[in-house]
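S.K.: Coordinates for the following, if possible.
(one chain, ligands or ions: 1)
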Amino acid sequence: MANDKEERLQKVIAQAGIASRRAAEKLILEGRVAVNGQQISKLGTKVTSADEVKVDGVPLDGSEKKVYYLLNKPRGVVTTASDDKGRQTVVDLLTDVDARVYPVGRLDYDTTGALIMTNDGDLANQLMHPKGKVDKVYTAKVKGVANMADLAPLKRGIVLNGKKTAPARVAIEKVDQDRKVSFITMTIHEGRNHQVKDMLQKVGYPVEKLRRDRYAFLDLLGLQAGDYRDLSHDEVKRLKNGDYRYMRRK
Ligand code: URA
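M.R.: I've put the predicted structure just below:
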């Protein structure tokens, strides 16, 4: 809940664990938020603890139990809580979850792989903050017979949309000379839109398929596309403590 100080509405919603700040802005713009009974659909409103804030008609009382899941996102699903084109969302996939969870960060419509879903706004903000430097590991199937000389610029960082990317770890997993495709693993900690696809495109390897194998220490072991599982108490604790190191599991 807000304290007596005036706070931005999206911040108060995020602190209540309903959504990340960015997702809270979207909730506001979608007209799903009301303050003292008045629907709000523009950003800029500030509230104090005296104001009653409701999202989808439900007051923010901060009492919703925090829940944490790891989803193996399948292809053809959008990474938002609601889609204006009526497409299936990652939230729709968590069929037995009643809490209002939302995704931590995003994966493209056609990207598969590891995605945390939670209603814990603080943890979501922590993980998405650039300072956190959470490693994300991707495997890309690309067009072309890859060689390390072409990929080397990615290790130093390349300029995308006028801004240099942080150094990435890159390795060639497999090259199929006959089909002229390669499989490349790439580890980055930034989360710009379409970053992996844009980086590989820029060095001459258009991405045909992309999968996120790992988010921090969370891998896809035992999860088929579309499956999800609870994070363990220990996993949540490690994430909260900023201990993102990966230890290979059997
Ligand atoms: N990079 C991309 O290009 N797409 C994703 O979905 C994730 C990272």
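
S.K.: C-alpha from now on. contacts and neighbour counts both.
M.R.: Fine.

S.K.: residue contacts, the residue nearest to V142 when sequence neighbours are not counted?
M.R.: The shortest distance from V142 to any residue other than its chain neighbours is 4.4 Å, reached at V207 (CA to CA, 6 or more residues apart in numbering). By CA atoms under 8 Å, 6 or more residues apart in numbering, the contact list for V207 reads A140, K141, V142, K143, K197, L200, Q201.

S.K.: same for the ligand: which of these are within range?
M.R.: K197 (CA under 6 Å from any ligand atom).

S.K.: Next, the residue nearest to V142: phi, psi?
M.R.: Torsion angles at V207 (phi, psi; degrees, to the nearest 10) stand at phi -80, psi 130.

S.K.: What subset of the contacts of V207 is buried?
M.R.: With neighbours counted using 16 or more other CA atoms under 10 Å, the contacts of V207 contain these buried positions: A140, K141, V142, K143, K197, L200.

S.K.: Tell me the one of those nearest G121?
M.R.: Nearest to G121 out of the buried ones among the contacts of V207 is K197 (CA to CA; 28.0 Å).

S.K.: Wait, the closest one touches P206, no?
M.R.: Yes - using CA atoms under 8 Å, K197 is in contact with P206, at 7.0 Å.

S.K.: where does the protein come near the ligand, residue by residue?
M.R.: L107, D108, T111, H194, Q195, V196, K197.

S.K.: Name the member of those with the most neighbours.
M.R.: L107 (25 neighbours; other CA atoms under 10 Å).

S.K.: where's that one relative to V145, distance?
M.R.: Look at L107 and V145: by CA to CA, to the nearest Å, they are 26 Å apart.

S.K.: next one: G31
M.R.: 49 Å.

S.K.: now do T80
M.R.: 35 Å.

S.K.: need the contact list for the residue of the chain found nearest the ligand.
M.R.: Sorted by distance to the ligand under CA to the nearest ligand atom, the residues of the chain start with H194, at 3.0 Å. Taking CA under 8 Å, 6+ apart, we find H194 in contact with D108.

S.K.: going forward can the numbers begin at 171, since that is how I track them
M.R.: Got it, first residue is 171 now, which makes that one H364.

S.K.: Quick check: phi and psi at it.
M.R.: phi 60, psi 30.

S.K.: got it, and Q185?
M.R.: Torsion angles, degrees, to the nearest 10, at Q185: phi -70, psi -30.

S.K.: Great, nothing more from me.
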